[in-house]
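[1] model the structure of this input:
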Amino acid sequence: MGGMSHHLDPCFYFNRMKRGRVNIAAKCQSFSPTQSRAKRQRTGQGVSASQNHVPDWGSLPHHIVLHIFQYLSLVDRARASSVCRCWNDVFHIPELWRRFEFELNQPATSYLRSTHPDLIQQIIKRHAQHLQYVSFKVDSCTESAEAACNILSQLVNCTIKTLGLISTARPSFMNVSQSHFVSALTVVFVNSKSLSSIKIDDTPVDDPSLKVLVANNSDTLKLLKMSSCPHVSPAGILCVADQCHGLRELALNYHLLSDELLLALSSEKHVHLEHLRIDVVSENPGQTQFHSIKKSSWDALIRHSPQVNIVMYFFLYEEEFDPFFCDETPVTHLYFGRAVSKDMLGRIGLNCPRLVELVVCANGLEPLDEELIRIAERCKSLTAIGLGECEVTCSGFMEFVKMCGGRLSQLSIMEEVLIPDNSYSMEQIHSEVSKHLGRIWFPDMMPTW
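    The predicted structure follows:
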(Lines give C-alpha, C1' and ligand atoms only; values in the text may rest on other atoms or scores of the structure.)
Protein backbone atom coordinates (compact mmCIF):
# COMPACT_ATOMS: atom_id res chain seq x y z
CA MET A 1 0.00 0.00 0.00
CA GLY A 2 2.80 2.41 0.95
CA GLY A 3 4.44 1.94 -2.46
CA MET A 4 1.28 2.68 -4.48
CA SER A 5 1.87 5.14 -7.29
CA HIS A 6 -0.27 8.27 -6.73
CA HIS A 7 -0.85 8.82 -10.44
CA LEU A 8 -3.08 5.72 -10.48
CA ASP A 9 -5.28 6.82 -7.57
CA PRO A 10 -8.06 9.31 -8.52
CA CYS A 11 -8.94 9.86 -4.86
CA PHE A 12 -5.38 11.12 -4.22
CA TYR A 13 -5.84 13.88 -6.80
CA PHE A 14 -9.36 14.64 -5.67
CA ASN A 15 -8.21 15.06 -2.05
CA ARG A 16 -5.20 17.10 -3.16
CA MET A 17 -7.57 19.43 -5.02
CA LYS A 18 -9.65 19.94 -1.88
CA ARG A 19 -6.60 20.37 0.36
CA GLY A 20 -5.07 22.78 -2.12
CA ARG A 21 -8.14 25.01 -2.03
CA VAL A 22 -8.19 24.96 1.77
CA ASN A 23 -4.47 25.72 2.11
CA ILE A 24 -4.59 28.57 -0.35
CA ALA A 25 -7.62 30.07 1.34
CA ALA A 26 -6.00 29.72 4.76
CA LYS A 27 -2.85 31.49 3.60
CA CYS A 28 -4.92 34.32 2.17
CA GLN A 29 -6.70 34.78 5.46
CA SER A 30 -3.56 34.49 7.64
CA PHE A 31 -1.47 37.28 6.09
CA SER A 32 -2.26 40.85 5.20
CA PRO A 33 -0.83 42.20 1.88
CA THR A 34 1.93 44.03 3.80
CA GLN A 35 2.88 40.89 5.74
CA SER A 36 2.89 38.83 2.57
CA ARG A 37 5.20 41.33 0.82
CA ALA A 38 7.54 41.42 3.79
CA LYS A 39 7.65 37.65 3.96
CA ARG A 40 8.50 37.37 0.25
CA GLN A 41 11.31 39.91 0.69
CA ARG A 42 12.73 38.00 3.70
CA THR A 43 12.66 34.67 1.94
CA GLY A 44 13.79 36.06 -1.37
CA GLN A 45 10.83 34.48 -3.14
CA GLY A 46 8.58 36.26 -5.58
CA VAL A 47 5.05 35.53 -6.65
CA SER A 48 6.11 33.33 -9.52
CA ALA A 49 8.17 31.11 -7.25
CA SER A 50 5.32 30.58 -4.78
CA GLN A 51 2.95 29.68 -7.59
CA ASN A 52 5.14 26.72 -8.48
CA HIS A 53 3.78 24.95 -5.43
CA VAL A 54 0.16 25.21 -6.63
CA PRO A 55 -0.80 22.03 -8.52
CA ASP A 56 -1.53 22.40 -12.22
CA TRP A 57 -4.91 20.64 -12.31
CA GLY A 58 -5.15 21.11 -16.07
CA SER A 59 -2.31 18.63 -16.56
CA LEU A 60 -4.06 15.75 -14.78
CA PRO A 61 -4.27 12.61 -16.92
CA HIS A 62 -7.53 12.26 -18.82
CA HIS A 63 -8.48 8.99 -17.12
CA ILE A 64 -8.15 10.61 -13.67
CA VAL A 65 -10.38 13.56 -14.62
CA LEU A 66 -12.84 11.15 -16.24
CA HIS A 67 -13.02 9.12 -13.04
CA ILE A 68 -13.67 12.24 -10.96
CA PHE A 69 -16.30 13.53 -13.43
CA GLN A 70 -18.27 10.30 -13.05
CA TYR A 71 -18.97 11.24 -9.42
CA LEU A 72 -20.21 14.74 -10.25
CA SER A 73 -23.74 15.83 -11.09
CA LEU A 74 -24.36 17.04 -14.61
CA VAL A 75 -24.42 20.68 -13.49
CA ASP A 76 -21.11 20.39 -11.59
CA ARG A 77 -19.58 18.50 -14.50
CA ALA A 78 -20.61 21.24 -16.93
CA ARG A 79 -19.12 23.92 -14.65
CA ALA A 80 -15.88 21.97 -14.28
CA SER A 81 -15.63 21.63 -18.07
CA SER A 82 -15.11 25.41 -18.32
CA VAL A 83 -11.94 25.29 -16.16
CA CYS A 84 -9.58 24.47 -19.02
CA ARG A 85 -9.38 22.91 -22.47
CA CYS A 86 -8.27 19.56 -21.05
CA TRP A 87 -11.29 19.26 -18.77
CA ASN A 88 -13.60 20.37 -21.58
CA ASP A 89 -12.21 17.58 -23.76
CA VAL A 90 -12.95 15.07 -21.01
CA PHE A 91 -16.47 16.47 -20.64
CA HIS A 92 -17.21 15.27 -24.18
CA ILE A 93 -15.68 11.80 -23.89
CA PRO A 94 -18.37 9.30 -25.06
CA GLU A 95 -18.06 7.21 -21.92
CA LEU A 96 -19.57 10.03 -19.85
CA TRP A 97 -22.68 10.16 -22.06
CA ARG A 98 -23.66 6.49 -22.15
CA ARG A 99 -26.02 6.98 -19.21
CA PHE A 100 -28.27 10.05 -19.10
CA GLU A 101 -31.55 11.08 -17.50
CA PHE A 102 -33.53 13.88 -19.12
CA GLU A 103 -35.47 15.77 -16.43
CA LEU A 104 -38.32 17.71 -17.99
CA ASN A 105 -40.39 19.88 -15.67
CA GLN A 106 -42.38 23.07 -16.09
CA PRO A 107 -41.12 25.80 -13.67
CA ALA A 108 -44.63 27.17 -13.15
CA THR A 109 -45.99 23.88 -11.79
CA SER A 110 -42.98 21.96 -10.47
CA TYR A 111 -40.23 22.58 -7.95
CA LEU A 112 -38.05 19.88 -9.51
CA ARG A 113 -35.01 20.85 -11.54
CA SER A 114 -35.04 20.49 -15.29
CA THR A 115 -32.38 19.75 -17.90
CA HIS A 116 -31.52 23.02 -19.62
CA PRO A 117 -32.78 23.24 -23.25
CA ASP A 118 -29.34 24.33 -24.50
CA LEU A 119 -27.76 21.25 -22.94
CA ILE A 120 -30.43 19.02 -24.50
CA GLN A 121 -29.60 20.39 -27.94
CA GLN A 122 -25.89 19.91 -27.32
CA ILE A 123 -26.51 16.30 -26.31
CA ILE A 124 -28.60 15.62 -29.41
CA LYS A 125 -26.02 17.27 -31.65
CA ARG A 126 -22.83 15.80 -30.17
CA HIS A 127 -23.74 12.74 -28.11
CA ALA A 128 -26.89 11.10 -29.46
CA GLN A 129 -24.82 8.26 -30.89
CA HIS A 130 -23.18 7.69 -27.50
CA LEU A 131 -26.39 7.36 -25.46
CA GLN A 132 -27.03 3.81 -24.28
CA TYR A 133 -28.90 3.98 -20.95
CA VAL A 134 -31.55 6.68 -21.22
CA SER A 135 -34.49 7.70 -19.08
CA PHE A 136 -36.98 10.56 -19.23
CA LYS A 137 -38.42 11.87 -15.97
CA VAL A 138 -41.35 14.21 -16.56
CA ASP A 139 -43.79 16.03 -14.28
CA SER A 140 -47.58 16.08 -14.61
CA CYS A 141 -47.65 18.67 -17.41
CA THR A 142 -48.48 17.59 -20.93
CA GLU A 143 -45.82 20.03 -22.20
CA SER A 144 -43.10 18.03 -20.44
CA ALA A 145 -44.25 14.75 -21.97
CA GLU A 146 -44.41 16.38 -25.41
CA ALA A 147 -40.85 17.67 -24.92
CA ALA A 148 -39.75 14.10 -24.17
CA CYS A 149 -41.39 12.91 -27.38
CA ASN A 150 -39.63 15.65 -29.34
CA ILE A 151 -36.27 14.50 -28.01
CA LEU A 152 -37.03 10.86 -28.79
CA SER A 153 -37.90 11.84 -32.36
CA GLN A 154 -34.39 13.24 -32.84
CA LEU A 155 -32.47 10.17 -31.63
CA VAL A 156 -32.05 8.80 -35.14
CA ASN A 157 -28.39 7.79 -34.67
CA CYS A 158 -28.78 6.21 -31.26
CA THR A 159 -27.75 2.77 -30.01
CA ILE A 160 -29.89 2.78 -26.88
CA LYS A 161 -29.88 -0.36 -24.73
CA THR A 162 -32.25 0.70 -21.94
CA LEU A 163 -35.12 3.18 -22.14
CA GLY A 164 -37.33 4.38 -19.31
CA LEU A 165 -40.24 6.82 -19.45
CA ILE A 166 -41.14 7.95 -15.93
CA SER A 167 -44.01 10.18 -14.84
CA THR A 168 -43.26 11.63 -11.40
CA ALA A 169 -46.90 12.57 -10.77
CA ARG A 170 -49.99 11.66 -12.78
CA PRO A 171 -49.21 9.92 -16.10
CA SER A 172 -48.65 12.89 -18.38
CA PHE A 173 -47.64 10.74 -21.37
CA MET A 174 -51.29 9.64 -21.62
CA ASN A 175 -52.22 13.24 -22.45
CA VAL A 176 -49.93 13.36 -25.47
CA SER A 177 -51.34 12.65 -28.91
CA GLN A 178 -51.05 8.90 -29.44
CA SER A 179 -49.74 9.35 -32.99
CA HIS A 180 -47.05 11.75 -31.72
CA PHE A 181 -45.98 9.38 -28.95
CA VAL A 182 -45.95 6.26 -31.13
CA SER A 183 -44.05 8.04 -33.89
CA ALA A 184 -41.36 9.20 -31.43
CA LEU A 185 -41.05 5.79 -29.78
CA THR A 186 -40.80 4.07 -33.16
CA VAL A 187 -37.73 6.16 -34.02
CA VAL A 188 -35.89 4.60 -31.08
CA PHE A 189 -37.25 1.10 -31.73
CA VAL A 190 -36.12 1.17 -35.36
CA ASN A 191 -32.71 2.78 -34.91
CA SER A 192 -31.43 1.16 -31.71
CA LYS A 193 -31.65 -2.53 -32.72
CA SER A 194 -30.11 -3.54 -29.38
CA LEU A 195 -32.73 -2.62 -26.78
CA SER A 196 -32.55 -4.90 -23.75
CA SER A 197 -34.71 -3.05 -21.20
CA ILE A 198 -37.84 -0.92 -21.74
CA LYS A 199 -39.99 0.70 -19.04
CA ILE A 200 -42.99 2.41 -20.61
CA ASP A 201 -45.69 2.22 -17.93
CA ASP A 202 -48.67 4.59 -18.26
CA THR A 203 -48.09 5.42 -21.91
CA PRO A 204 -50.19 5.22 -25.12
CA VAL A 205 -47.97 2.57 -26.70
CA ASP A 206 -49.99 0.26 -28.97
CA ASP A 207 -49.83 -3.09 -30.77
CA PRO A 208 -48.28 -1.79 -34.04
CA SER A 209 -45.43 -0.09 -32.16
CA LEU A 210 -44.77 -3.33 -30.24
CA LYS A 211 -44.50 -5.15 -33.56
CA VAL A 212 -41.85 -2.61 -34.63
CA LEU A 213 -40.04 -3.23 -31.34
CA VAL A 214 -40.06 -6.98 -31.93
CA ALA A 215 -38.99 -6.68 -35.56
CA ASN A 216 -35.85 -4.74 -34.63
CA ASN A 217 -34.92 -5.91 -31.12
CA SER A 218 -36.23 -9.47 -30.66
CA ASP A 219 -32.74 -10.92 -30.09
CA THR A 220 -31.78 -8.48 -27.32
CA LEU A 221 -34.95 -7.64 -25.36
CA LYS A 222 -34.77 -9.00 -21.78
CA LEU A 223 -37.02 -6.69 -19.73
CA LEU A 224 -40.36 -5.10 -20.63
CA LYS A 225 -42.44 -3.11 -18.14
CA MET A 226 -45.68 -1.75 -19.56
CA SER A 227 -48.36 -1.62 -16.88
CA SER A 228 -51.35 0.64 -17.51
CA CYS A 229 -50.99 0.78 -21.30
CA PRO A 230 -54.65 0.72 -22.41
CA HIS A 231 -53.95 0.62 -26.16
CA VAL A 232 -52.11 -2.72 -25.98
CA SER A 233 -54.18 -5.86 -26.47
CA PRO A 234 -53.47 -9.46 -25.36
CA ALA A 235 -52.51 -10.16 -28.99
CA GLY A 236 -49.92 -7.38 -28.87
CA ILE A 237 -48.14 -8.70 -25.77
CA LEU A 238 -48.41 -12.25 -27.11
CA CYS A 239 -46.48 -11.13 -30.19
CA VAL A 240 -43.66 -9.99 -27.91
CA ALA A 241 -43.59 -13.28 -25.98
CA ASP A 242 -43.69 -15.34 -29.20
CA GLN A 243 -40.71 -13.56 -30.78
CA CYS A 244 -38.54 -12.31 -27.88
CA HIS A 245 -37.24 -15.60 -26.54
CA GLY A 246 -34.69 -13.88 -24.30
CA LEU A 247 -37.34 -12.04 -22.27
CA ARG A 248 -36.62 -12.56 -18.55
CA GLU A 249 -38.74 -9.88 -16.85
CA LEU A 250 -42.25 -8.77 -17.76
CA ALA A 251 -44.65 -6.35 -16.06
CA LEU A 252 -48.19 -5.85 -17.34
CA ASN A 253 -51.81 -5.38 -16.37
CA TYR A 254 -54.00 -8.39 -15.68
CA HIS A 255 -56.21 -7.79 -18.72
CA LEU A 256 -53.18 -8.63 -20.91
CA LEU A 257 -52.51 -11.90 -19.10
CA SER A 258 -53.85 -14.97 -20.90
CA ASP A 259 -53.39 -18.71 -21.06
CA GLU A 260 -51.78 -18.25 -24.47
CA LEU A 261 -49.26 -15.78 -23.07
CA LEU A 262 -48.21 -18.11 -20.24
CA LEU A 263 -47.83 -20.99 -22.70
CA ALA A 264 -45.72 -18.81 -25.01
CA LEU A 265 -43.45 -17.90 -22.08
CA SER A 266 -43.18 -21.63 -21.34
CA SER A 267 -42.09 -22.76 -24.80
CA GLU A 268 -38.83 -24.65 -25.27
CA LYS A 269 -37.37 -21.75 -27.27
CA HIS A 270 -37.96 -19.28 -24.45
CA VAL A 271 -35.38 -18.67 -21.70
CA HIS A 272 -36.40 -19.16 -18.08
CA LEU A 273 -38.58 -16.26 -16.97
CA GLU A 274 -37.25 -14.67 -13.76
CA HIS A 275 -39.86 -12.06 -12.83
CA LEU A 276 -43.51 -11.62 -13.78
CA ARG A 277 -45.37 -8.65 -12.29
CA ILE A 278 -49.13 -8.40 -12.72
CA ASP A 279 -51.17 -5.32 -11.72
CA VAL A 280 -54.83 -6.10 -11.06
CA VAL A 281 -56.59 -2.73 -11.00
CA SER A 282 -60.23 -1.64 -11.00
CA GLU A 283 -61.23 2.00 -11.17
CA ASN A 284 -64.99 1.44 -11.56
CA PRO A 285 -66.44 -1.02 -9.04
CA GLY A 286 -68.80 -3.54 -10.57
CA GLN A 287 -67.99 -2.52 -14.15
CA THR A 288 -64.76 -4.46 -14.71
CA GLN A 289 -64.96 -8.16 -15.55
CA PHE A 290 -61.89 -10.23 -14.66
CA HIS A 291 -61.19 -13.52 -16.43
CA SER A 292 -59.66 -16.65 -14.92
CA ILE A 293 -56.37 -18.30 -15.82
CA LYS A 294 -56.27 -22.09 -16.10
CA LYS A 295 -54.25 -24.03 -13.56
CA SER A 296 -52.64 -25.97 -16.44
CA SER A 297 -51.23 -22.73 -17.87
CA TRP A 298 -49.69 -21.75 -14.53
CA ASP A 299 -48.30 -25.28 -14.17
CA ALA A 300 -46.66 -25.07 -17.60
CA LEU A 301 -44.93 -21.82 -16.64
CA ILE A 302 -43.60 -23.27 -13.36
CA ARG A 303 -42.34 -26.42 -15.07
CA HIS A 304 -40.41 -24.29 -17.52
CA SER A 305 -39.28 -21.56 -15.06
CA PRO A 306 -39.36 -23.11 -11.57
CA GLN A 307 -37.58 -20.14 -9.95
CA VAL A 308 -39.79 -17.41 -11.40
CA ASN A 309 -41.11 -14.71 -9.04
CA ILE A 310 -44.76 -13.98 -9.73
CA VAL A 311 -45.77 -10.67 -8.14
CA MET A 312 -49.39 -9.51 -8.04
CA TYR A 313 -50.60 -6.08 -6.94
CA PHE A 314 -54.34 -5.90 -6.24
CA PHE A 315 -56.35 -2.68 -6.23
CA LEU A 316 -59.86 -4.16 -6.30
CA TYR A 317 -63.09 -3.87 -4.39
CA GLU A 318 -64.18 -6.86 -2.30
CA GLU A 319 -66.88 -8.01 -4.69
CA GLU A 320 -64.36 -8.24 -7.58
CA PHE A 321 -62.11 -10.95 -6.11
CA ASP A 322 -64.27 -13.93 -7.13
CA PRO A 323 -62.16 -15.12 -10.14
CA PHE A 324 -58.90 -15.23 -8.17
CA PHE A 325 -57.22 -18.06 -6.25
CA CYS A 326 -60.05 -20.55 -6.69
CA ASP A 327 -57.40 -23.03 -7.89
CA GLU A 328 -53.75 -23.37 -6.99
CA THR A 329 -51.83 -20.30 -8.18
CA PRO A 330 -47.99 -20.09 -8.09
CA VAL A 331 -47.87 -16.45 -6.93
CA THR A 332 -44.85 -15.57 -4.74
CA HIS A 333 -45.56 -11.96 -3.71
CA LEU A 334 -49.01 -10.55 -2.96
CA TYR A 335 -49.89 -6.93 -2.20
CA PHE A 336 -53.44 -5.77 -1.47
CA GLY A 337 -53.83 -2.00 -1.70
CA ARG A 338 -57.51 -2.01 -0.74
CA ALA A 339 -59.65 -4.00 1.68
CA VAL A 340 -59.63 -7.75 1.12
CA SER A 341 -62.14 -10.19 2.60
CA LYS A 342 -61.55 -13.03 5.08
CA ASP A 343 -62.71 -15.45 2.39
CA MET A 344 -60.05 -14.22 -0.02
CA LEU A 345 -57.28 -14.59 2.59
CA GLY A 346 -58.58 -18.08 3.33
CA ARG A 347 -58.23 -19.01 -0.35
CA ILE A 348 -54.67 -17.68 -0.35
CA GLY A 349 -53.81 -20.04 2.50
CA LEU A 350 -55.29 -22.96 0.55
CA ASN A 351 -54.05 -22.24 -2.97
CA CYS A 352 -50.79 -20.22 -2.83
CA PRO A 353 -48.12 -22.68 -1.62
CA ARG A 354 -45.24 -20.68 -3.20
CA LEU A 355 -46.12 -17.46 -1.32
CA VAL A 356 -43.03 -15.60 -0.03
CA GLU A 357 -44.41 -12.18 0.88
CA LEU A 358 -47.88 -10.95 1.83
CA VAL A 359 -49.01 -7.36 2.50
CA VAL A 360 -52.60 -6.59 3.50
CA CYS A 361 -53.32 -2.88 3.88
CA ALA A 362 -56.88 -3.35 5.15
CA ASN A 363 -59.40 -6.06 5.97
CA GLY A 364 -62.18 -5.13 8.36
CA LEU A 365 -63.31 -5.75 11.91
CA GLU A 366 -63.26 -9.58 11.95
CA PRO A 367 -60.14 -11.23 13.45
CA LEU A 368 -57.93 -13.02 10.90
CA ASP A 369 -56.60 -15.71 13.28
CA GLU A 370 -57.74 -18.73 11.27
CA GLU A 371 -56.61 -17.27 7.95
CA LEU A 372 -53.13 -16.41 9.24
CA ILE A 373 -52.67 -19.85 10.83
CA ARG A 374 -53.71 -21.53 7.57
CA ILE A 375 -51.22 -19.39 5.64
CA ALA A 376 -48.47 -20.37 8.12
CA GLU A 377 -49.37 -24.06 7.67
CA ARG A 378 -49.57 -24.13 3.89
CA CYS A 379 -47.14 -21.41 2.75
CA LYS A 380 -43.83 -22.92 3.84
CA SER A 381 -41.78 -20.32 1.95
CA LEU A 382 -43.39 -17.29 3.61
CA THR A 383 -40.66 -14.96 4.92
CA ALA A 384 -42.37 -11.53 5.02
CA ILE A 385 -45.78 -10.28 6.07
CA GLY A 386 -47.31 -6.85 6.66
CA LEU A 387 -50.73 -6.11 8.14
CA GLY A 388 -52.33 -2.67 8.25
CA GLU A 389 -55.96 -1.96 9.12
CA CYS A 390 -56.81 -5.50 10.25
CA GLU A 391 -57.54 -7.30 13.51
CA VAL A 392 -55.74 -10.32 14.98
CA THR A 393 -55.96 -11.58 18.55
CA CYS A 394 -52.68 -11.77 20.44
CA SER A 395 -53.13 -15.53 20.85
CA GLY A 396 -53.76 -16.03 17.13
CA PHE A 397 -50.79 -13.85 16.24
CA MET A 398 -48.50 -15.79 18.60
CA GLU A 399 -49.62 -19.09 17.07
CA PHE A 400 -48.78 -17.71 13.61
CA VAL A 401 -45.32 -16.56 14.77
CA LYS A 402 -44.57 -19.93 16.43
CA MET A 403 -45.46 -21.81 13.24
CA CYS A 404 -43.36 -19.55 10.99
CA GLY A 405 -40.47 -19.26 13.44
CA GLY A 406 -37.20 -17.60 12.49
CA ARG A 407 -37.90 -17.75 8.75
CA LEU A 408 -39.84 -14.46 9.05
CA SER A 409 -37.22 -11.94 7.99
CA GLN A 410 -39.84 -9.16 7.82
CA LEU A 411 -42.76 -8.92 10.27
CA SER A 412 -44.53 -5.55 10.04
CA ILE A 413 -47.69 -5.42 12.14
CA MET A 414 -49.39 -2.21 13.21
CA GLU A 415 -49.81 -2.02 16.97
CA GLU A 416 -53.56 -1.40 16.73
CA VAL A 417 -53.96 -4.63 14.73
CA LEU A 418 -53.28 -6.76 17.83
CA ILE A 419 -56.17 -7.40 20.21
CA PRO A 420 -55.08 -8.29 23.79
CA ASP A 421 -56.78 -11.40 25.23
CA ASN A 422 -56.60 -13.64 28.31
CA SER A 423 -53.42 -15.33 27.10
CA TYR A 424 -51.19 -12.40 26.13
CA SER A 425 -50.90 -8.73 26.91
CA MET A 426 -49.12 -6.26 24.63
CA GLU A 427 -46.05 -6.34 26.91
CA GLN A 428 -45.85 -10.13 26.70
CA ILE A 429 -46.27 -10.10 22.91
CA HIS A 430 -43.07 -8.09 22.50
CA SER A 431 -40.89 -10.53 24.45
CA GLU A 432 -42.54 -13.72 23.14
CA VAL A 433 -42.33 -12.71 19.47
CA SER A 434 -38.70 -11.62 19.92
CA LYS A 435 -37.89 -15.04 21.39
CA HIS A 436 -39.38 -16.96 18.46
CA LEU A 437 -37.87 -14.68 15.80
CA GLY A 438 -34.43 -14.74 17.40
CA ARG A 439 -34.19 -10.93 17.36
CA ILE A 440 -35.70 -7.89 19.04
CA TRP A 441 -39.16 -7.12 17.67
CA PHE A 442 -41.72 -4.37 18.29
CA PRO A 443 -45.05 -3.67 16.59
CA ASP A 444 -44.99 -0.81 14.10
CA MET A 445 -46.40 2.63 14.90
CA MET A 446 -47.04 3.29 11.21
CA PRO A 447 -46.95 1.23 7.98
CA THR A 448 -43.43 0.38 6.76
CA TRP A 449 -44.34 -1.06 3.34
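[2] only C-alpha atoms from now on, for both contacts and neighbour counts.
    Noted.
[3] mind checking the SS state of residue 76?
    Following DSSP: H, G, I helix; E, B strand; the rest coil, residue 76 is assigned to helix.
[4] pLDDT below threshold where in the stretch 201-350 of the chain?
    Scanning the stretch 201-350 of the chain for pLDDT under 70 picks out the ranges 285-287.
[5] what about the helices in it?
    Using DSSP state H, counting those that start in this stretch, the helices of the stretch 201-350 of the chain run over 207-217, 234-243, 259-265, 295-304, 342-351.
[6] okay, those helices in a markdown table with mean neighbour count and distance to residue 154 next?
    Output for the helices of the stretch 201-350 of the chain, formatted as a markdown table (neighbours: other CA atoms under 10 Å; distance: least, CA to CA, whole Å):
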| stretch | mean neighbour count | distance to residue 154 |
| --- | --- | --- |
| helix 207-217 | 19 | 17 |
| helix 234-243 | 19 | 25 |
| helix 259-265 | 20 | 34 |
| helix 295-304 | 17 | 40 |
| helix 342-351 | 19 | 49 |
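[7] in CSV, list those helices along with distance to residue 179.
    Output for these, formatted as CSV (distance: least, CA to CA, whole Å):
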stretch, distance to residue 179
helix 207-217, 10
helix 234-243, 17
helix 259-265, 27
helix 295-304, 35
helix 342-351, 42
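[8] do you know how far residue 384 is from residue 263?
    Using CA to CA, to the nearest Å, residue 384 is found at 30 Å from residue 263.
[9] touching, residue 369 and residue 398? I think so.
    No. With contact defined as CA atoms under 8 Å, residue 369 does not count as touching residue 398 (9.7 Å).
[10] and residue 151, which of the three is it?
    helix.
[11] tell me who's in contact with it.
    Residue 151 makes contact with residue 124, according to CA atoms under 8 Å, 6 or more residues apart in numbering.
[12] report how many residues lie close to residue 85.
    Residue 85 has 11 neighbours, counted by other CA atoms under 10 Å.
[13] excluding sequence neighbours, find me the nearest residue to it.
    residue 58 (7.9 Å; CA to CA, 6 or more residues apart in numbering).
[14] nearest to residue 416, out of the helices of the stretch 201-350 of the chain?
    Residue 416 lies closest, by CA to CA, to one member of the helices of the stretch 201-350 of the chain: helix 342-351, at 18.3 Å.
[15] give me the residues contacting that closest one.
    Helix 342-351 has contacts (CA under 8 Å, 6+ apart) with 321, 325-329, 363, 366, 368, 371-372, 374-379.
[16] just the buried residues from these, in PyMOL please.
    The following PyMOL command selects only the buried members of the contacts of helix 342-351, with burial defined by 16 or more other CA atoms under 10 Å:
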select buried, resi 321+325+327+328+329+363+368+371+372+374+375+376+377+378+379
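[17] show me the contacts of helix 342-351 that map onto strands.
    Judged by DSSP state E, those include no members of strands.
[18] please enumerate the strands of this protein.
    According to DSSP E, the strands that the chain contains are 99-104, 133-138, 162-167, 197-199, 223-225, 249-253, 275-281, 309-315, 333-339, 357-362, 384-389, 392-393, 410-413, 418-419.
[19] between those, which gets nearest to residue 295?
    strand 309-315 (14.3 Å).
[20] who does the closest one pair up with?
    Sheet pairing of strand 309-315 (DSSP bridges) gives strand 275-281 (parallel), strand 333-339 (parallel).
[21] dump those to TSV, plus mean neighbour count and distance to residue 161.
    Converted to TSV, these look like this (neighbours: other CA under 10 Å; distance: least, CA to CA, whole Å):
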stretch	mean neighbour count	distance to residue 161
strand 275-281	19	19
strand 333-339	19	29
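[22] can you list those in JSON lines and add distance to residue 311?
    Output for these, formatted as JSON lines (distance: least, CA to CA, whole Å):
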{"stretch": "strand 275-281", "distance to residue 311": "5"}
{"stretch": "strand 333-339", "distance to residue 311": "5"}
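[23] would you mind saying which of the ones you listed lies nearest residue 430?
    Nearest to residue 430 among the strands paired with strand 309-315 is strand 333-339 (25.6 Å), distances taken as CA to CA.
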